[in-house]
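S.K.: My questions concern the predicted model and sequence given below.
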Amino acid sequence: MAASCRTSPFSKRPLPCERKDPVAESSVLDAPEEPVQLAEPEPQAESAPKPADASPLAGTVVKPQINPWVIALTVTLATFMELLDTSIANVSLPYIAGGLGRSFDEVTWILTTYLVANAVILPMSAFFSRVFGRKNYYMACVALFTITSFCCGIAPSLNILLIARVLQGIGGGGLAPVEQAILVDTFPPAKRASAFALYTVAIVTAPAIGPVLGGWITDNFNWRWVFLINIPIGALSLWLTSRFVQDPPAFVAERKAARAAGKLRIDHIGILLVGIGSATLELVLDRGQIDDWFGSPIILWMFVIAIAAWAGAIYWELNQSDPIIDLRLLANRNFAIASAFYFVFGVGLFATTTMIPQILQSLYGYRAIDAGLVLGPGAFVITLLAPVGAQLIQRGIVHPKALLLFSLCVVAGSMMTYSSFTLQTDYNHYALARALQGLGYAFFFVPISVIAYSQLRPDQNNRASSLTNLARNWGGSFGIAFVTAVSERRQDLHQSRTGDTLAASSGTLQQSIRATAAYLTQHGYAQADSVRAATLHYYNLLDQQTRLLGFMDCFRALGLLTLAMVPVVFFIRSFKVGGKAPAGH
């Protein structure tokens, strides 16, 4: 038996020594996931006899393992803040325009510049993590995002605000993919589903809360606090990250080996091609509807440049030993299929998050904050049920493929429910439909994330996170552009068809106009004014009905897109949930 002295985890003071068996001592120090490897004592010369009370652990410092959920909550905090910023400023644009003395069209560039910078940096985040270290790069992103949020909040002019938003987008673009990589490496395969549930709550609820929080802040304080609110959150995230987050040993070893082999070089051509392609494509999607799509020479040229840049980037990256974006990962069937589902997830989530408040404000007369509250039940259901889905997968009760099939059917059903609404539909029906959609998405993202990493080696996790987040981000951009363009074109189509079937000489229409005009005349309107007002009233009704039909067509298209993904589930290769990943090379 030997004496063993331990150190209190809460102070520098040593605890009283106890005499314990060395073998039993090692079992006490086992970490939650894996046993801590204890260093063997230095061999001593035979001439120096070992003291009776000497411990075999003397001089060995055992670093306590940090609870993985502390790390998960730490990195989720900044990601939630960044995703919140993608939508929190939307409802504040009219106030920003008034405060800075600019037109509404000019201040919409506040959204565009952020999204463009975000799209440029996001696919490169894995490369920068390897070059600078994952923790260093993540903390730099949080610091840049926080500092530029302060600059946005005090910006005296629109030009300075736009410059700050570009830098803010660069800082925010690296947060989500790095967080996902940290979660994958922090949790063992058998417990990743729970970590992905937390990630799901962040990426789904943040965009939904943004408009509500932004409207409340703007109404009760000042639009500048929409940006300044990020400062305490960013500072807290920086402190927690510096204290709890560390690069995993395997990732550190991979960086050292790559640096020794000369692979961590800056791929200037790859960065240039990916940056130009991402920026121009995001501009096309974000400004296309405003500038009449390909009717605008600028949009047309941006589209041509985007296609050429991405074609060049794909060819260049596939022929590089250490690419900015590792497109070769898409050769893995499960990862490629999961990436397609990430894209569809982004389309459905961001399209509906944009469309529902727009419908409620323009057709039902809701205030911005009330329209945003309709999104609340969906976020609540996801927060409540995403951990349940994770437990169903981790305990082996339901396979991810089965849960994915269920979620696709529920999401498609919610889209079809939206498409049946009329101008008489009330708040409760919209909230229930959003809750149904939340039920589907609560069981959607977790199985997709498990499937994505099911057949990847640990050394591929970092690069895989950039691609999955790139797919989700582009899905969101395409979804918003889709509903913005298609809803207006379908409205024009429905208005044209209705005009063909309802002529101005229609007896029913003329009778309704005369009845309404007579009512207005009885209440003090002049005869000519009452006829004009009655005619305008029925034209507005026609406009509202056709606009609603255009939105309902978009919901129907999103439902059909979701259903079209059902057969793809059966092409996913079978895998054991929580099984070991293939060995790295």
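M.R.: Nice, I can see it.

S.K.: helix or strand right after the helix or strand of the chain with the lowest mean pLDDT?
M.R.: Of the helices and strands making up the chain, the lowest-confidence element is helix 22-28, at a mean of 39, by mean pLDDT, DSSP states H and E. Next along the chain after helix 22-28, taking DSSP states H and E as the criterion, comes helix 68-85.

S.K.: after that following helix comes which helix or strand?
M.R.: Going down the chain from helix 68-85, the next helix or strand is helix 93-100, by DSSP H and E.

S.K.: mind checking how far that following helix is from the chain centre?
M.R.: For helix 93-100, the distance between its averaged C-alpha position and the chain's averaged C-alpha position is 27 Å (C-alpha atoms, centre = their mean, to the nearest Å).

S.K.: and that helix, what does it pack onto?
M.R.: Counting by 3 or more C-beta pairs under 8 Å, 6 or more residues apart in numbering; DSSP states H and E, the packing neighbours recorded for helix 93-100 are helix 104-107, helix 109-121, helix 158-173. Using the backbone N, CA and C atoms, a C-beta is placed for each residue, glycine as well.

S.K.: Those helices: which one's closest to T280?
M.R.: When the helices and strands packed on helix 93-100 are ranked by proximity to T280, the top entry is helix 109-121, at 8.8 Å, counting by C-beta to C-beta.

S.K.: Extract the C-alpha set from that closest one and format it as PDB.
M.R.: Taking C-alpha atoms only, helix 109-121 is exported to PDB below (Å, rounded to 0.1, in the frame of the first residue of the first chain):
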ATOM      1  CA  TRP A 109     -27.900  46.400 -48.400                       C
ATOM      2  CA  ILE A 110     -27.500  46.000 -44.700                       C
ATOM      3  CA  LEU A 111     -28.900  42.500 -45.100                       C
ATOM      4  CA  THR A 112     -27.200  41.900 -48.500                       C
ATOM      5  CA  THR A 113     -23.600  42.800 -47.400                       C
ATOM      6  CA  TYR A 114     -23.900  40.500 -44.300                       C
ATOM      7  CA  LEU A 115     -25.200  37.600 -46.300                       C
ATOM      8  CA  VAL A 116     -22.500  38.000 -49.000                       C
ATOM      9  CA  ALA A 117     -19.600  38.100 -46.500                       C
ATOM     10  CA  ASN A 118     -21.100  35.200 -44.600                       C
ATOM     11  CA  ALA A 119     -21.400  33.100 -47.800                       C
ATOM     12  CA  VAL A 120     -17.800  33.900 -48.800                       C
ATOM     13  CA  ILE A 121     -16.200  32.900 -45.500                       C
END
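
S.K.: buried set for the next helix or strand after that helix?
M.R.: If you walk from helix 109-121 toward the C-terminus, the next helix or strand you reach (DSSP H and E) is helix 125-132. Within helix 125-132, the residues that qualify as buried by neighbour count (16 or more other C-beta atoms under 10 Å) are S125, A126, F127, F128, S129, R130, V131.

S.K.: need the contact list for the second one.
M.R.: By C-beta atoms under 8 Å, 6 or more residues apart in numbering, the contact set of A126 is P177, A181, I325, D326, N462, R463, S465, S466.

S.K.: ok, it to I182 distance?
M.R.: Here the distance between A126 and I182 works out to 12 Å (C-beta to C-beta, to the nearest Å).

S.K.: before we move on, back to that, can you lay out the helices and strands packed on helix 93-100 as CSV showing mean neighbour count and distance to I305?
M.R.: Putting the helices and strands packed on helix 93-100 into CSV (neighbours: other C-beta atoms under 10 Å; distance: least, C-beta to C-beta, whole Å) gives the following:
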stretch, mean neighbour count, distance to I305
helix 104-107, 14, 23
helix 109-121, 22, 13
helix 158-173, 22, 19
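
S.K.: now those as CSV including mean pLDDT and distance to I298?
M.R.: Written out in CSV, the entries for those read as follows (pLDDT from 0 to 100; distance: least, C-beta to C-beta, whole Å):
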stretch, mean pLDDT, distance to I298
helix 104-107, 80, 14
helix 109-121, 86, 13
helix 158-173, 92, 17
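
S.K.: Can you add distance to Y538 and give these back as JSON lines?
M.R.: Shown next, in JSON lines, are the helices and strands packed on helix 93-100 (distance: least, C-beta to C-beta, whole Å):
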{"stretch": "helix 104-107", "distance to Y538": "29"}
{"stretch": "helix 109-121", "distance to Y538": "36"}
{"stretch": "helix 158-173", "distance to Y538": "41"}
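
S.K.: returning to that earlier point: most neighbours among the contacts of A126, which one?
M.R.: Ranked by neighbour count under the definition other C-beta atoms under 10 Å, the contacts of A126 are headed by P177 with 29 neighbours.

S.K.: rewinding a little: just put the buried residues of helix 125-132 in CSV and tack on pLDDT and distance to E254.
M.R.: Supplementary listing: the buried residues of helix 125-132 in CSV, determined by pLDDT from 0 to 100; distance: C-beta to C-beta, whole Å:
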residue, pLDDT, distance to E254
S125, 87, 16
A126, 83, 12
F127, 83, 13
F128, 87, 15
S129, 87, 11
R130, 83, 8
V131, 84, 12
